[in-house]
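S.K.: build me a structure from this.
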Amino acid sequence: MIIPFFDATRLVKKTEAETNAAIKRVLNSGKFVLDEEVNKFEKEFSSYIGTTHGIGVNSGTDAIKIALKTLGVGTGDEVITVSNTATPTISAIRELGATPVFVDTDEYFLMDVRKIEAAITRKAKVLLPVHLYGQTADMVEIMKIANKHSLKVVEDCAQATGSKAGDKKAGSFGDLSCFSFYPTKNLGAYGDGGMILTNSKEYATTCRQLRVYGMQETYFANIEGFNSRLDEIQAAILRTKLPTLDSNNERRAFIAHQYLSKIDNPEIELPKIRNGNLHVFHLFVVKISKRESFIDHLKKNSIGFGIHYPFPVHLQKAYEFLGYKNGSLLNTENDSEKIISLPIFPELTDKEIESVIEIINKFKFK
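M.R.: Numbers count the residues shown, from 1 in each chain. Alright, predicted model coming up:
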């Protein structure tokens, strides 16, 4: 049995009728950019998360870039974030000429709130926590620190759509929040897509201008902006998928529970869930000190896997100029050498789940 890490074709087949109807609806309208489907999806998605305004953009990366620019971030400013993230989080900061300042991670692979204040300088402007793997960072404490130091907060929610800290969803805490609808995400489009959420009418207005060249009215730019629009077809597809997001997240949680309760191999360190958090398991990330041997075992048994992420951003060649060295972020660096992601997506069958567990439990280091 070949068990994939992720298989988009299963979802495509399962939702084919709804997807085709959505695409046909857009084609028949003759309106393909920033029209009714985008407007409706912005309202539906912001309502789902619990915010007032939604602004559809081209990608999660652009969402972060536009959110930061809306807050006035630019050359010489510092944005405090983590290195254990996808490179796009950092590239969005750099596109504006700002400097990322990295905080190490905690036992949940998230921003260690105990280390934030030591990273704050007079140049700091924004805290940018990343809700990684499907779990929300400690936003209550992050908001306290931000308020104490007069910093703004932008949440990177790309991997945590539907997750909660307490009774609030990821994306409803900060000044602005950013989502990705890349196809592999819990709520994924069939192409690129992103969203910015906020409760501020002023911020929403600025974001809407920035996504269309800085224009509020056609052909007249009030500010320097970008071309970053969520198109109508992707919005229509996402609208058909949003009503099933919670049930799909529940399926992910079921798979995670099976792994957590049945994987008993002492070589494997299972992920931790913060008390009070609703983890939506975009990824199920374990740690193992003998990773290469474990990878060989998975390959031999046709089990798909991923590593998210093998190279911390602060140690990548492109970011050498930031001045970080090996040992700068010990938890981040140690985790990067041990983490591996197991198959977890809603269309994974019960038989496949049991097979993954059985094969992992049979692993022995030789």
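
S.K.: now the strands for this protein?
M.R.: 53-57, 78-82, 99-103, 124-127, 152-156, 164-165, 168-169, 176-180, 194-198, 215-217, 220-221, 277-278, 284-287, 339-342 (DSSP state E).

S.K.: in TSV: those, plus mean neighbour count.
M.R.: From N, CA and C alone the C-beta is placed, and that goes for glycine too. Converted to TSV, those look like this (neighbours: other CB atoms under 10 Å):
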stretch	mean neighbour count
strand 53-57	26
strand 78-82	26
strand 99-103	22
strand 124-127	22
strand 152-156	26
strand 164-165	20
strand 168-169	18
strand 176-180	29
strand 194-198	29
strand 215-217	12
strand 220-221	11
strand 277-278	21
strand 284-287	22
strand 339-342	22
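
S.K.: can you say which of those strands is nearest to Lys40?
M.R.: Among the strands of the chain, the nearest to Lys40 by CB to CB is strand 53-57 (10.2 Å).

S.K.: run a quick neighbour tally on Leu329.
M.R.: Using other CB atoms under 10 Å, Leu329 has 25 other residues around it.

S.K.: just the pLDDT for it.
M.R.: pLDDT, Leu329: 98.

S.K.: show me the contacts for the closest residue in space to Pro88 that isn't next to it in sequence.
M.R.: Counting by CB to CB, 6 or more residues apart in numbering, Pro88 lies nearest to Thr61, which is 4.1 Å off, once chain neighbours are set aside. Counting by CB atoms under 8 Å, 6 or more residues apart in numbering, Thr61 touches Pro88, Thr89, Ser91, Ala92, Ser180, Gly194.

S.K.: cool, Leu96 as well?
M.R.: Contacts of Leu96 (CB under 8 Å, 6+ apart): Lys65, Leu68, Lys69, Val73, Gly74, Thr75, Asp77.

S.K.: by neighbours, which of those wins?
M.R.: Going by other CB under 10 Å, Lys65 tops those with 27 neighbours.

S.K.: wait, that one sits on Ala98?
M.R.: No: using CB atoms under 8 Å, Lys65 makes no contact with Ala98, being 10.0 Å away.

S.K.: what stretches of the stretch 251-366 of the chain score poorly on pLDDT?
M.R.: Applying pLDDT under 70 to the stretch 251-366 of the chain flags residues 366.

S.K.: so where do the helices sit in it?
M.R.: 291-300, 330-336, 350-361 (DSSP state H, counting those that start in this stretch).

S.K.: which helices and strands sit right next to the second one?
M.R.: This points to helix 330-336. If you count contacts as 3 or more CB pairs under 8 Å, 6 or more residues apart in numbering; DSSP states H and E, helix 330-336 packs onto no helix or strand.

S.K.: can you list contacts of that helix?
M.R.: Helix 330-336 is contacted from outside by 82-84, 102, 104-106, 109, 112, 287, 309-312, 314-315, 326-327, using CB under 8 Å, 6+ apart.
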